[in-house]
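[1] give the three-dimensional model of this entry:
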Amino acid sequence: MKLVLIFGPQAVGKMTVGQELVKITDLKLFHNHMTIDLVSHFFSYSTTEGKKLVNLFRQQIFEEVSKSNLYGLIFTYVWAFDIQEDWDYVDNLAKLFESRGGTVYFVELEADVAERLERNKSGNRLEHKPSKRDIEWSEKDLKSSMEKYRLNSIEGEINYANYLKIKNTNLSAEKVALNIKEAFHL
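    You can find the predicted model right below:
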């Protein structure tokens with residue numbers, strides 16, 4: 001079992017890279033909005049109830065996948081490096097898969113803000129993430145989260161063995177996926 005955790009700020013290309021990685025591996029994609037948008041029919045993700053349900057759904061999926069015979073899973077995540085709770089979440093997720101004999105791969109994506117603002121409006125993003133279809137709100141959220149949180153690591157901060165950081169401002173999702181596949185022999 002393999003877990004490929006693709007993380008980075010909003011609209012950096014996590015889901016799109018994950019979609020391309022699915023095409024060239026036997027991995028399954030679980031992008032973070034699959035649970036956020038499911039729960040949003042009942043509760044906003046910003047509410048206590050919304051966060052609780054998102055976390056419960058995700059945890060149950062991770063539990064079942066980590067003990068399954070699947071080749072592996074790609075999970076996308078916005079990791080706030082200045083919040084200990086996010087570090088703990090990632091660490092606990094890695095420990096779950098590793099405790100069941102799995103290998104965890106960490107892929108950080110980083111792109112310039114101007115490129116992320118363009119990607120924020122892409123058809124693929126809007127098709128798969130209904131909560132992002134309010135472009136004005138989504139762009140405002142993207143900008144405010146950059147001011148509030150540090151969403152990319154600083155050099156040397158991540159010490160996981162299987163770690164790859166890719167600046168993908170000028171790279172296609174296909175190229176990034178191929179780089180990930182080759183780097184980790186997926």
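[2] tell me the confidence at the residue nearest to the spatial centre of the chain?
    By CA atoms, centre = their mean, the chain has its centre lying nearest to Thr76, at 1.6 Å. pLDDT recorded at Thr76 is 97.
[3] residue boundaries of the helices in the chain?
    Applying DSSP state H to the chain gives helices spanning 14-24, 33-39, 48-66, 84-99, 113-119, 123-128, 135-148, 173-184.
[4] endpoints of stretch 150-166, how far apart?
    Terminal residues of stretch 150-166 lie 17 Å apart, using CA to CA, to the nearest Å.
[5] and for that stretch, what's in contact with it?
    The contact list for stretch 150-166 (CB atoms under 8 Å, 6 or more residues apart in numbering) reads 8-10, 78-82, 94, 103-110, 145, 176, 179-180, 183-184. Glycine gets a C-beta too; all of them are placed from N, C-alpha and C.
[6] the residue of the chain positioned farthest from its centre and Leu53, how far apart?
    Distance from the centre of the chain peaks at Phe42, with 22.7 Å (CA atoms, centre = their mean). To Leu53, Phe42 is 7 Å away according to CB to CB, to the nearest Å.
[7] and stretch 158-174, average pLDDT?
    96.
[8] that one: which residues count as buried?
    158, 162, 164, 166, 168-169, 171, 173 (16 or more other CB atoms under 10 Å).
[9] tell me where the model's unsure across this protein.
    124-127, 129 (pLDDT under 70).
[10] Ile135 contacts Glu118, correct?
    No: taking CB atoms under 8 Å as the definition, Ile135 is not a contact partner of Glu118, at 11.4 Å.
[11] tell me the most buried of the helices of the chain?
    When the helices of the chain are scored by mean count of other CB atoms under 10 Å, the highest mean neighbour count falls to helix 14-24 (a mean of 21).
[12] residues in contact with that one: which ones?
    Contacts for helix 14-24 (CB under 8 Å, 6+ apart): 4, 6-8, 27-29, 31-33, 74, 76-77, 107, 109, 119, 122, 124-125, 128-129, 168, 173-174, 176-178, 180-181, 186.
[13] kindly report the same for stretch 53-62.
    Defining contact as CB under 8 Å, 6+ apart, one finds that stretch 53-62 is touched by 30, 35-36, 38-39, 42-43, 45, 75, 93, 96-97.
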